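K.L.:
Sequence and computational prediction follow.
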Amino acid sequence: MAAGMIAVVTVGPAYAAIPGRLSGYAFAGVAGSGSGAGFGAARRVPLRSAAGTTGWNFSPSLNLREIYDDNIALAAPGRERSDFVTEVNPEISIDKQTRRFNLLANYRMQNLFYARNSASDATFHQLFSRMGADLWPGTFSLGAQATASQALISPTRPVSFGNVSIIGNRTNVFTYKVTPRLRHAFGRTAIVRAHYSYGVVDYNAQPLSGSQTGEVGASFGTGPDVPGIGFNVDYGRSRTNFDAALARDAIFEHLVGEARYPVQSSFRIVLRGGYEDNNFQFGSGVTQPKGKLWSGGFEWNITPHSYLEARYGRRFFGRAVNASFRFEGAWTTASAGFTEAPTTISTLVLDQQPLIVGPNGRLIQVMMPSLPGLSAQVFINRRFSGTLGFHRARDRFSATVSRSERTFELTGSKETVTRVNASWDRRLGARTSTNVTGYWQQWRFIGGVRVDDLWQLTGGLSYRFGRYASGTLSVTHTQRTSNGASDYFVNMVALGITLGF
C-alpha cells in the first residue's frame, strides 16, 4: 500500500480529565513516508466487528511494496544516500461479535529488505487486539487489549513517519491492559460502579524502559427515576511504577462530588468539587500536586446532531478549562476540544494507540511525531484540537488543527507543538481513486529557543483489480528545517499491491 497521511482525532468529554481515568485526551496520528499506509480510506480501529455476524471472521492478506527513497538515513543536504526497499507484509484480521462478547485482533508483520543497506534489513511487528465480555449481563464485564507498535524515542533527533528510514530514533513498544468492571443498580433510584485496571507499557529503549499502572475506581450516583438534581460521588486512585532508574512512582488520587441540574431537557448545569492528593516528582518552585479542586459549567444538547459542554475550574496547577463540541451532519462532521490536565507519556501510549485500519481492514503502523519523547516525568498538558470532515458521493475531505503546550513538573521545561493535517480523496471511477495529503508541524523546544518545522506532502493513485486485489502508487516529499539541528529532505516513490485471501 502506498504511503499517505491519515489524521485520527477523538475529542472526548471534558469531565474525563482526572488522571487515571480513560480520559478525553485527543490523539492525532499521522501515517506518512514509509508507513505502508493505504491512502484515502483509513479509519480508527473499530471496537467491534463491522460484519455484524456471530461467527468468527478471518481475513488474511499479503501486502507487497517496492520503494525508492533518495535519503534513506534522513541525512543533512550533501550527505544523502538513496536506496531501494522491498516490503513484504503478511497480515491477518480476526473478529467475532455476539451480544455478550466481541473480539478484534489485527496483526501485521512488516519485513523490510534494503538493496544497498542489507545490514539494516528488519522485521517489525504490529498488533492491535481488543476484547470485551459481558460475563454477568448488566453487572460484571471484562475488557482487555494488547498492542505492539513502534514509537519515536526523541523528537529532537531525526523524525521518521514510518519504519522505512534507517534511523536510531525508533523503538518497539508493547502494551497490555485488563479491566474488570462491576455495576449494580438499586432499581432505578441509584447506581454503584467499580472497576480495577492494570496496564503495562514495555519499551526496548532507555531512558524509559517501561511502566506498570494499577488503577481502582468507584462511584455512587442517583438513577434515572430521581427527579430534579442528580448527584454522583467518584473516587479514583492510580499508581504508575516506572522501570527507569531513579524515577519515582506517579500517584494520582481524587475524591469528587458532582451535581447536575436540568434547567431544560437538553440543558444541564454541572458543578463539581472535591480533593486530589497526587504524588510525583516535581521541581523547586512548583506547587505541590494536591489540594481542593472545583469546576462549574454546562452540558447542552443543541440539536439531535450537535452537542456542547464547557467547564471552568481550579486545580493544584491553577486554572483548569475543559470544553468539547461535536456536530454530525449528513455530509459534514466537526469537533473541537480543549483540555488542561496532568498526565504522563506512558498514560498516553497506553490509552491512545498509534494504529489504525486502512482499506479492507488492513492494519497500519502510525508514528506520532507530535508526542513527547520517552520520559518518566509528569507534565501539564494544555491541548486544543479541531477537526472538520466533509464527504460526498465521490469526494472525502478532512482537516485537523491542534496545539499542545506541555509544562514538565520536574524540570520546569516547556514545549509547544502546533500541527495541521489535511487530506482529500476523490473516486475517479469504479476501480480508481486518488488522494492528496499534507502535514505541517512546528515544535518549539527549550522555551522557544529551538524551533523545528516538519512538512510532508503525498499524492497517490489506487486501483482495484478485483474483489481481492488492489494496487497503489504514491509520491511523497518530506522535509524538516531547524535552527538547532540539521535539516533534511526526502523524496520517496512507492508502488504496491495488496492481495486478500
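P.N.:
Arrived safely. Numbers count the residues shown, from 1 in each chain.
K.L.:
pLDDT on stretch 229-241, on average?
P.N.:
The average pLDDT for stretch 229-241 rounds to 94.
K.L.:
can you list contacts of it?
P.N.:
Here stretch 229-241 makes contact (C-beta atoms under 8 Å, 6 or more residues apart in numbering) with 18-21, 197, 211-222, 249-262, 344, 346-347. Every residue, glycine included, has its C-beta placed from N, CA and C.
K.L.:
Which of these fall in helices?
P.N.:
346, 347 (DSSP state H).
K.L.:
Just the buried ones from the contacts of stretch 229-241, in ChimeraX syntax?
P.N.:
Selection of buried members from the contacts of stretch 229-241 for ChimeraX, criterion 16 or more other C-beta atoms under 10 Å:
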select :18,19,20,21,197,211,212,213,215,217,219,221,222,250,251,252,253,254,256,258,260,344,346,347
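K.L.:
Which of the contacts of stretch 229-241 fall within strands?
P.N.:
197, 211-222, 250-262, 344 (DSSP state E).
K.L.:
Residue 172 sits in which helix or strand?
P.N.:
strand 170-186 (DSSP states H and E).
K.L.:
now residue 349
P.N.:
Residue 349 belongs to helix 345-351, assigned by DSSP H and E.
K.L.:
can you pull the contacts of residue 248?
P.N.:
Going by C-beta under 8 Å, 6+ apart, residue 248 touches 242, 280, 281.
K.L.:
Name the member of those that has the highest neighbour count.
P.N.:
residue 242 (24 neighbours; other C-beta atoms under 10 Å).
K.L.:
which residues does that residue bridge with?
P.N.:
Residues in a beta bridge with residue 242, per DSSP bridges, are residue 211.
K.L.:
Distance check, residue 326 against residue 400.
P.N.:
Distance check for residue 326 against residue 400: by C-beta to C-beta, to the nearest Å, it reads 15 Å.
K.L.:
More neighbours: the two, which one.
P.N.:
The neighbour comparison of residue 326 against residue 400 (other C-beta under 10 Å) goes to residue 400, with 22 against 18.
K.L.:
what's stretch 274-289 in contact with?
P.N.:
Outside of stretch 274-289, the residues within contact range by C-beta under 8 Å, 6+ apart are 18-19, 247-257, 290-294, 315-318, 342, 377-378, 409-412.
K.L.:
can you pull the buried residues of that stretch?
P.N.:
274, 276, 278, 280, 281, 282, 286, 289.
K.L.:
Next: stretch 301-316.
P.N.:
Buried, per 16+ other C-beta under 10 Å, within stretch 301-316: 307, 308, 309, 310, 311, 313, 315, 316.
K.L.:
average pLDDT for it?
P.N.:
Computed over stretch 301-316, the average pLDDT equals 96.
K.L.:
now swap in stretch 89-99 and tell me
P.N.:
On average, stretch 89-99 scores 93.
K.L.:
For residue 62, which non-adjacent residue is closest in space?
P.N.:
residue 499 (4.8 Å; C-beta to C-beta, 6 or more residues apart in numbering).
K.L.:
Please enumerate the helices of the stretch 101-250 of the chain.
P.N.:
Using DSSP state H, counting those that start in this stretch, the stretch 101-250 of the chain contains no helices.
K.L.:
Strands along that one, start to end?
P.N.:
101-114, 122-136, 140-152, 170-186, 190-203, 210-222, 230-242, 250-264 (DSSP state E, counting those that start in this stretch).
K.L.:
want to try CSV for these, with distance to residue 463 as columns?
P.N.:
As requested, those are exported to CSV (distance: least, C-beta to C-beta, whole Å):
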stretch, distance to residue 463
strand 101-114, 22
strand 122-136, 25
strand 140-152, 29
strand 170-186, 31
strand 190-203, 39
strand 210-222, 43
strand 230-242, 47
strand 250-264, 50
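K.L.:
right, so of these, which gets closest to residue 483?
P.N.:
strand 140-152 (20.2 Å; C-beta to C-beta).
K.L.:
In the sheet, which strands lie alongside that closest one, parallel or antiparallel?
P.N.:
strand 122-136 (antiparallel), strand 170-186 (antiparallel).
K.L.:
would you turn these into a markdown table with mean pLDDT?
P.N.:
Shown next, in a markdown table, are the strands paired with strand 140-152 (pLDDT from 0 to 100):
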| stretch | mean pLDDT |
| --- | --- |
| strand 122-136 | 94 |
| strand 170-186 | 93 |
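K.L.:
how about TSV for these, with mean neighbour count added?
P.N.:
Below are the strands paired with strand 140-152 laid out as TSV (neighbours: other C-beta atoms under 10 Å):
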stretch	mean neighbour count
strand 122-136	17
strand 170-186	17
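K.L.:
Pull out the buried residues from the helix or strand containing residue 403.
P.N.:
Residue 403 belongs to strand 395-408 when elements are defined using DSSP H and E. By 16+ other C-beta under 10 Å, the buried positions in strand 395-408 come out as 396, 398, 399, 400, 401, 402, 403, 404, 405, 406, 407, 408.
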